[in-house]
Every structure is written in C-alpha cells, then in structure tokens.
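Visitor: Sequence first, predicted coordinates after that:
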Amino acid sequence: MEEIQLLGHGFAVALQWENLLLMVAGIVLGVLIGVLPGLGGANGIAILLPLTFTLPPVSAIILLSCIYWGALFGGAITSILFNIPGEPWSVATTFDGYPMAQQGRAGEALTAAFTSSFVGAFIAVVMITFLAPLVAQFALQFGPPEFFAVMFLSFACFIGLARGSPLKALAAMMFGFLLAGVGMDGVTGQLRMTFGSMELMRGIDFLVVVIGLFGLSEIFQSIEEGLRFKGAKARITLGTVLRTWAELPRHWALFIRSSLIGCWMGITPAGATPASFMSYGVARRMAKDKDSFGRGRMEGVVAPETAAHAAGTSALLPMLSLGVPGSPTAAVLLGGLIMWGLQPGPMLFVEQKDFVWGLIASMYLGNIVGLIIVLAAVPWFAAILRVPFSIIAAIILMVCAIGAYTVNSAEFDVVLMLIFGVIGYVMKKLDYPLAPLVLALVLGDRTEESFRQSLLLSEGSLAVFFSNWLVGGIMTLGLVMLFYPTLSKLWAPRVSPAGAA
Amino acid sequence: MSITTQDSVLIPSAEAAAERGPSQRGMEIATAVVLMAAGGIGMMDSLRIGAGWGADGPQSGYFPFWLGAILALASLGNLVVALRDHRRGARGPRFATWGQLALVAQVFVPTAIYVAVIPLVGIYVSSAVLVGFFMRRFGEFRMVTSMLSGAAAALVSFVIFEIWFLVALPKGPLETALGY
C-alpha cells in the first residue's frame, strides 16, 4: 500500500504548525464567505489567490482548499436558520432544514447538516486517496489527443447534463472559450481579438471574471430581492450534538447513497448543486411517507448536504489527476496551481509528491477541524447576518474591487469586473449556466494547445481523435454525453404516458 | 409585509412599481443577438489573422474561428427558441419589474462611479465614501456614524494590504500627502 505511506508523509506536511494555523484560518474565512451573500467559494478564493504568492504552494493550497471546505459548511447555516441559501448547493437544504428550525429543532438540523457534510467529504477524500493516483498513473500514457478528448468529455458532460437549455450551456461555454482566446497566442505570439487595445493584450484574467460573475452579480440579485434577514436563533449544545449523533447511524444507507451520487456528480463536472438536488429527490422518492418531506425531516437535510460535500470534494479528483477541474471552485484552484508555477496534470503525482499528498492529508484534517469549528461557533457565524445588509454589501463590493485589482495590479481589471458583474446578473436571470463559462475560460488555453498539438501530429486530420481505442473511446463517450438529451428524448415517448401524472 | 431591519428603505419602492417591466422574451432575444455578434466578431478576427493551415501547423485563428462559429450557431438556436415563445407582450413573464431594476440601479450606479474614481483618488478614499454612502442611503445610519465607519473600513484595508501583505493598491493625492 504505497498510498498509505505517501499519505503518512502528507500528514507530516499538513501537520506543520503553520499549515495547521492556515487550515483554521481558511475554515473560518470559508464559513464567513459561505454565510455572506455575494461571496462564495469560487470568488472568495479568486479574491485571496493573489495574496498567496508569498506562501509555499502547499501552504497556499491548504489555505485555499480549506476556504472551500468552510464555504461548503457555511452554506448550510444560512439555509437552515434564515431560509437563505448562502450557496447554490445548499438550496435543497432549505426544504427541510428551515422547517426544522421553525419547529425549534435548529440545533438538530445544523448538527445533522454539518455531520453529513463531514461524512460526504470524508468518503470522497478516501476515494480520492486511492483512486486519484491510479487515474494519474493511467493518464501518464496520455498524449495531446487523449488530453483533448478528456477535456472534450468534460465539456460535453456540461451540455448533456445541463439542467436547463443545452443550447444556453453551449453558448456560455463558447463565450468562455472566446474570452480565453483574447490576448497573445501562446504558440505564434500573434495578438487575437484585442482590437488594438493595450489592456486586452494581457488577456482576460479568469479571476477577474469569476469575481464579477459570482460576486457582483450576486449582490445585484440580492438587492433586487429586497434582502431582509429574519432568522431562527441557534445554539448547539453538547446534548443536542450527542442526541443527533445517536440518531444519525440509522440513516447509514442514505449516507452511502448520497455520497455515491455526490462522488459521481463531482467527478463528472456536474458539480455540487445538481448533486444535492438529485440526492434530495432520490431520498424523497425512496421514502415510505413522501409527504413528510419538506416539513422538517432529518433525511431531507442529510441527503443534500452529504451529496453536496461529496461532490465538492471529489471535484478535486480530476483537477489533481488530469488537470481538468470538476467545478468552478476547482477551476479557480487549478488556476492557482498554474500561477504558483506548477504544471497541472498527471505528472503532478510524480514530480510534486509533497504538494499532492500534503493537500490530500489536509483534506482529512481540514474537514475534522471544520466540523469542530462550525459546531462550536454557529451562533457567531449566524450573528453576521444580523449586520445590516447596507454595510455588508458595501464591504463586499470593496473587497471584490480590491481582489480584482490585485490580480494584475491593473485598474482596467476593476472595470472588467463591473462589466462581468452585469453580464453575470443577466445570464443568471436568463438561466445561462455560469460554470461552463468559467471552466472554458480556465481551460481554454490548454484545450487549444492539446487540440493544436494533436492536429500537428496528424498533419491536420481530425481522425487523430479516433486513432486508437483509448482516445476513440473517450471521444465516443463524450459524444454520447453531448447528445444525451437527444438520445434520452428518443427513449422518452415509451415511458412518458405513465409518468405524465 | 413586515419590515424588520434597517434596510427598510429598499422594500417600499419595490412594491410601488407593481408588475411592469421588460419582458423575459425581449431580454432573451437581446442576449442571443449580443452573443451571436460576439461569435461573429470572433470569427472575423480569426479570419483576419488566418484561420487555416499554415506552414507550421494550425494558424492562430483556427481554433477561435470554429468556437466563434459554434457560439453564433448556438445563439441562433437560442434566438429561434425565444422568437417562437408566444407568451409575449403583457402576458409574458417579466425579466424583472421596473421597481426591481430601480433597486439594482441604486447599487449599480454608485458602484460604477466608485470604479470610475478609483484611478483618480485611489481605492482607499473611494472605498471610505462608498461604505459611508451605502450606510447613510440604505441603512439610514447617522451621518457621523456612516462617515466614521467608512473611514474605518478604508483604514483597516490599508493596514491589511499595504502594511501586512505589502500589496500596493491604487493610491491618490491624500495618500501622497501622507507620505505613501
């Protein structure tokens, strides 16, 4: 078991006191980010990324990934206490979590949510520990065509599994790719789509786009809804925790099912949000008394939280082993790797053992630390939402502006952030998904590079993508995923009459 | 509707402007057209720099050209979907009500001004004014409280970024006068 040994080494890295300190700081910051509207995992990390240059890469990734875990935990607090999902993946948690809080069972609901988050994440980390090295090992034999095929597959999944219109997902994605193309072409040095602008020569930085799309647009949307916070009070006593923990093992099957849904949705880039909805839906469908869901069932909290955390965590598996992130937040972390001078992809497991295993070990520790912090500090985090929105909104706007500026020390980027804030607001209102745009923007250069290298190998023939069983298999799978909506429609007529009611 | 927080000023104006507002369909059409144009611009610029096969492999415009083409086609599809949507006019769904858009504008306009003056007066002074303005305007705090809070927010970020993290943010005449 080489993994165990490497993991032990990783723990030695993660347990250094400065890394432990960063872990605690990251979790606290992350929960804050998760609780506040307008700051989420992806753009919270995007804002802080430029400040991590002075840290060694492994400490930087521990800090940023812990912010991610914290944000995943934080989303549940506002869902349950205030009926306001702090993050999209905690929408499903409001269905039963808020009714539980109204019935005076807030402590129970929160304990169940945090514990399920922990279990989901833990199962996903165990999976990463043993699966990621294998995937990376396998991917070492990949050439440019295979890498392009893997990216094609993950982008195809986005379109095929899109909850809304596949055409809108496709348009958002292509828009992201075009934005990635702006600036200097890395291969020929030619300027593309800059239209004579000096500012655009640098290219459009994905961090700035993420801050605008996820941060500013969120503020605009919150304002539109005339935000008011009216929440249940929460205090978690040790008694509540122990009582809830005694009850949870009964739901073991639900935990396993939800974790599997989460892991699957996290590895394929569907992400935490659909995973939480699907898990909730499955739990409801399989329950004996479906009608009690939505009125404060503990299963209704356990299912989405377990799946969301499992998905959020396993989104890091393809990021680490293939260099293809499974979620917008993982995409931002991947961008971080590139900025710290690491080459993402399977070679990471060979060349940067300390980094990879330090990160994986920190996932175990970070989730334990996170569980303790959120259980102990819920009242304080909940108190943040009692700060008037006028103050929170202004400070978030300021933080976003500073974050956008620090990426390249460019005032133009702050303007760009504002523009993308408006674009994000309109896109969200019209149900254009933002995740494919961000992923395309982050992966655009690498996708294009592998595409061009493949074509160079084959002297321009697209047949290179079907030249052997490996690349052909991945491409075929990608095509199946791409046309999944059409294929499933062909099947649908035979099933729909019964399900029409 | 019960109003519980100091943010109450945001609520009544939202109700005043009833249900009217730009239609969902109109916005869908506009967005599809804009994205189609973006795809078209991408294709044109790619053709300008060469979207074919050069002596040393695919030219710089090869990849973006096809991406632009797919974007234009997908947007055309979205446009057709929106045009065929018959729930138009007053019966169709709203993108947002005018009242909601007015609320968004109340935040957007000050933010745009904030972004515009950063190069002139630096990020600290403009942030102080932004925080103070929001508290006074939306939170109905007292003038003195708002101003002091704004200054405090700017001061804290100055300490964090300039002194602690050694990150230089845009500065204006005030910081220069103080010797930074």
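Guide: Cool, got the structure. Computed from a prediction, not measured in an experiment: that's the story for all the values here.
Visitor: From B:Ala96, how far out is the nearest residue to B:Phe108 once chain neighbours are set aside?
Guide: With Cβ to Cβ, 6 or more residues apart in numbering or on different chains as the criterion, B:Phe108 has its nearest non-adjacent residue at 6.6 Å, and that residue is A:Phe220. C-beta: built from backbone N, CA, C; applies to glycine. According to Cβ to Cβ, to the nearest Å, A:Phe220 and B:Ala96 sit 10 Å apart.
Visitor: what do these two both touch?
Guide: The contact sets of A:Phe220 and B:Ala96 overlap at B:Val104 (Cβ atoms under 8 Å, 6 or more residues apart in numbering or on different chains).
Visitor: Could you verify that the residue nearest to B:Phe108 is part of a helix?
Guide: Yes - membership of A:Phe220 in a helix is supported by DSSP: H, G, I helix; E, B strand; the rest coil.
Visitor: Quick check on the residue located most distally from the centre of chain B: phi, psi?
Guide: Computed with Cα atoms, centre = their mean, the residue of chain B farthest from its C-alpha average is B:Ala55, at 42.9 Å. When read as degrees, to the nearest 10, the backbone of B:Ala55 gives phi -70, psi -30.
Visitor: lowest average confidence, helix or strand, in chain B?
Guide: Least confident helix or strand, chain B: helix B:12-16 with a mean of 44, by mean pLDDT, DSSP states H and E.
Visitor: Okay, now the unreliable bits of chain B?
Guide: Within chain B, the ranges that satisfy pLDDT under 70 run B:1-19, B:87-91.
Visitor: Tell me which stretches of it form helices.
Guide: Assigned by DSSP state H, chain B shows helices spanning B:12-16, B:24-49, B:62-83, B:98-137, B:143-158, B:173-177.
Visitor: just checking, A:Leu179 touches A:Leu439?
Guide: No - under the criterion of Cβ atoms under 8 Å, A:Leu179 makes no contact with A:Leu439, lying 11.9 Å away.
Visitor: Which one's more surrounded, the two?
Guide: Set A:Leu179 next to A:Leu439 and count neighbours by other Cβ atoms under 10 Å in any protein chain shown: A:Leu439 wins out with 30 against 23.
Visitor: For the residue most central in space within chain B, give its distance to A:Ala156.
Guide: Nearest to the geometric centre of chain B sits B:Phe108, at 7.0 Å (Cα atoms, centre = their mean). From B:Phe108 across to A:Ala156, the span is 36 Å (Cβ to Cβ).
Visitor: And the strands in chain A?
Guide: Assigned by DSSP state E, chain A shows strands spanning A:183-184, A:191-192.
Visitor: The last one pairs with which strands?
Guide: So that's strand A:191-192. Counting by DSSP bridges, the strands paired with strand A:191-192 are strand A:183-184 (antiparallel).
Visitor: Let me see the mean pLDDT of the partner strand.
Guide: Computed over strand A:183-184, the mean pLDDT rounds to 84.
Visitor: ditto for stretch A:481-497
Guide: Averaging pLDDT along stretch A:481-497 gives 67.
Visitor: any weak-confidence spans in the stretch 101-250 of chain A?
Guide: A:226-235.
Visitor: Contact residues of it facing chain B?
Guide: A:165, A:167-168, A:170-171, A:174-175, A:177-178, A:181, A:185, A:187-188, A:190-193, A:195, A:216, A:219-220, A:223-230 (Cβ under 8 Å from any Cβ of the partner chain).
Visitor: among those residues, which ones are buried?
Guide: Among those, those classed as buried by neighbour count (16 or more other Cβ atoms under 10 Å in any protein chain shown) are A:165, A:167-168, A:170-171, A:174-175, A:177-178, A:181, A:185, A:187-188, A:191-193, A:216, A:219-220, A:223-224, A:226-229.
Visitor: Narrow the residues you listed to those in helices?
Guide: Counting by DSSP H, the part of those found in helices is A:167-168, A:170-171, A:174-175, A:177-178, A:181, A:219-220, A:223-224.
Visitor: Just give the number of residues close to the nearest residue to A:Asp205 once chain neighbours are set aside.
Guide: Sequence neighbours aside, A:Val407 is the residue nearest to A:Asp205 in space, at 5.2 Å (criterion: Cβ to Cβ, 6+ apart). Applying other Cβ under 10 Å, we find 21 residues neighbouring A:Val407.
Visitor: can you check the one 5 residues further on too?
Guide: A:Phe412 sits with 17 neighbouring residues when counted by other Cβ under 10 Å.
Visitor: Does it touch A:Glu199 like I think?
Guide: Yes - A:Phe412 is in contact with A:Glu199 according to Cβ under 8 Å; the separation is 4.2 Å.
Visitor: Count the neighbours of the spatially closest residue to A:Leu179 that is not a sequence neighbour for me.
Guide: Distances taken as Cβ to Cβ, 6+ apart put A:Ile204 closest to A:Leu179, at 5.0 Å, once the chain neighbours are dropped. Look at A:Ile204: counted by other Cβ under 10 Å, it has 21 neighbours.
Visitor: cool, B:Ile163 as well?
Guide: B:Ile163 has 9 neighbours, counted by other Cβ under 10 Å.
Visitor: and if you look at the one 10 residues further on?
Guide: B:Pro173: 11 surrounding residues under other Cβ under 10 Å.
Visitor: Same question for the one 5 residues further on.
Guide: Applying other Cβ under 10 Å, we find 8 residues neighbouring B:Leu178.
Visitor: Got the phi and psi for it?
Guide: phi -90, psi 0.
Visitor: Equivalent analysis for A:Val182, please.
Guide: phi -60, psi 140.
Visitor: and if you look at the one 5 residues further on?
Guide: The main-chain torsion angles of A:Val187 are listed as degrees, to the nearest 10 and equal phi -90, psi -50.
Visitor: tell me the contacts of A:Gly424?
Guide: A:Gly424 touches A:212-214, A:216-218, A:434, counting by Cβ under 8 Å, 6+ apart.
Visitor: rerun that using 10 Å as the cut-off
Guide: A:209-218, A:220-221, A:432, A:434, A:437 (Cβ atoms under 10 Å, 6 or more residues apart in numbering or on different chains).
Visitor: Tell me the buried residues within these.
Guide: Among the contacts of A:Gly424, those classed as buried by 16+ other Cβ under 10 Å are A:209-218, A:220-221, A:432, A:434, A:437.
Visitor: Kindly indicate which of those lies nearest chain B.
Guide: A:Phe220 (5.0 Å; Cβ to the nearest Cβ).
Visitor: That closest one and B:Ala112 touch, don't they?
Guide: No - using Cβ atoms under 10 Å, A:Phe220 is not in contact with B:Ala112, being 11.8 Å away.
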